[in-house]
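**Q** Sharing a model that was predicted from the sequence below.
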Amino acid sequence: MLKKPEVSVIMTIYNHESYLKDSIKSLQKQTFKNWELIAIENGSSDRSKKILKSFKDNRIKKKFLKKNIGRTKCLNLALKYVKGRYIAVLDSDDLALKNRLHEQVKHLKKNKNTYLLATNYFLFNDKKKDIKINNFKEFNNKKTILFRNCIAHSTVMYRKELINKVGIYPNNYTYAQDYAFYLKIFRKYKIDILEKFLNKIRYNHKESETIRNEKSNLIINEELKILGWVLKNFKFNIIDVIFIFRAFLKIFFKKFILIFKNI
């Protein structure tokens, strides 16, 4: 009889044939072994489906969709299958370093009041040197997250009970569903970032969600929607108003640049 997994890793897959194998292998190399992977193949048009089928590890639970249902719905579908006490995220173009699951489980067991735990990480691609992204020190100012998403989705692990407490990923977001999810949690529960570098996040490739959406108003519109939600749901002091103003300026500057590029 198979042991019940302690960690459920959720992965949504769409047209990542060049990266998927390495991503799954990074899980198989974990020092922490008691995990399951809920891998949802979201109607890819490339070889992703064939690559996922090639893995014979019985810890990998494979789901294949005939057509793409969008990332948010795909994430929420994955949540329906999780069995572990903890839920981790790994995008199908990113990598988990070998001690990632071990370190996050250890921290969550020791810190009962922490409900979501992210980590520092490396940004990488196939052409440039890795870039260290250290959000640990910045996150010590706990309100940082209200004005900027300083958490990479592929670094998070959270308690499964959060789904009953705050709900699933918000279905009214197409791109920023992870950030909106963090903010729902942050409103009532503690979020931490581990100072350790435990993940590698791939950037600047044509099949990334950011690249797919950056030429439209989608990202900007969702950033404005989130900022409006934050203003309604949190209290601020005079100093916070400066950060709010800066956040609005940054969003409108991005909108101006987008309009200029499309002229």
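**A** Now that the structure is in, tell me what you want to look at.
**Q** does Tyr121 really touch Lys196, like I thought?
**A** No. Using CB atoms under 8 Å, Tyr121 makes no contact with Lys196, being 9.7 Å away. The way it works is simple: take the backbone N, C-alpha and C, and place the C-beta from them, glycine included.
**Q** Between those two, which has more neighbouring residues?
**A** When Tyr121 and Lys196 are compared for neighbours, Tyr121 comes out ahead with 28 against 16, by other CB atoms under 10 Å.
**Q** Let me see the ranges of the strands in the stretch 51-200 of the chain.
**A** Remark: strands assigned in the stretch 51-200 of the chain by DSSP state E, counting those that start in this stretch are 60-65, 86-89, 95-96, 114-124, 131-133, 157-159, 190-202.
**Q** Pick the most buried one from those strands.
**A** Neighbour counts (mean count of other CB atoms under 10 Å) averaged over each of the strands of the stretch 51-200 of the chain peak at strand 95-96, with a mean of 25.
**Q** what sits up against the helix or strand hosting Trp229?
**A** Counting by DSSP states H and E, the element that carries Trp229 is helix 218-233. Here helix 218-233 makes contact (CB atoms under 8 Å, 6 or more residues apart in numbering) with 146-147, 172-176, 179-180, 183, 187, 210, 213, 244, 247-248, 251, 254-255, 258.
**Q** Stretch 244-251 - what's its average pLDDT?
**A** Averaged across stretch 244-251, the pLDDT comes to 76.
**Q** Could you tell me which residues within that stretch count as buried?
**A** By neighbour count on 16 or more other CB atoms under 10 Å, the buried set for stretch 244-251 is 247, 251.
**Q** before we move on, what about stretch 17-27?
**A** Buried residues in stretch 17-27, counted by 16+ other CB under 10 Å: 17-21, 23-24, 26-27.
**Q** Show me how far that stretch is from its chain's centre.
**A** Chain-centre distance of stretch 17-27: 16 Å, with CA atoms, centre = their mean, to the nearest Å.
**Q** got it, and stretch 151-168?
**A** Centre-to-centre, stretch 151-168 and its host chain are 9 Å apart (CA atoms, centre = their mean).
**Q** same check, this time on stretch 10-17
**A** 13 Å.
**Q** repeat for stretch 25-36
**A** On CA atoms, centre = their mean, the centre of stretch 25-36 falls 18 Å from that of its chain.
**Q** before we move on, what about stretch 38-49?
**A** Here stretch 38-49 is found 18 Å from its chain centre; the criterion is CA atoms, centre = their mean.
**Q** now swap in stretch 35-51 and tell me
**A** Using CA atoms, centre = their mean, the offset of stretch 35-51 from its chain centre is 17 Å.
**Q** Gln28: what's it in contact with?
**A** Applying CB under 8 Å, 6+ apart, the residues near Gln28 are Asp57.
**Q** Next, name the residue at the spatial heart of this structure.
**A** Residue closest to the mean C-alpha point of the chain, counted by CA atoms, centre = their mean, is His153 at 1.6 Å.
**Q** Just give the nearest non-adjacent residue to it, would you?
**A** Asp178 (4.2 Å; CB to CB, 6 or more residues apart in numbering).
**Q** Could you pull up the contacting residues of the one you found?
**A** Taking CB under 8 Å, 6+ apart, we find Asp178 in contact with 89, 149, 151, 153, 156, 169.
**Q** that older thread, could you redo the buried residues of stretch 17-27 as CSV and give each row secondary structure?
**A** Shown next, in CSV, are the buried residues of stretch 17-27 (DSSP: H, G, I helix; E, B strand; the rest coil):
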residue, secondary structure
Glu17, coil
Ser18, coil
Tyr19, coil
Leu20, helix
Lys21, helix
Ser23, helix
Ile24, helix
Ser26, helix
Leu27, helix
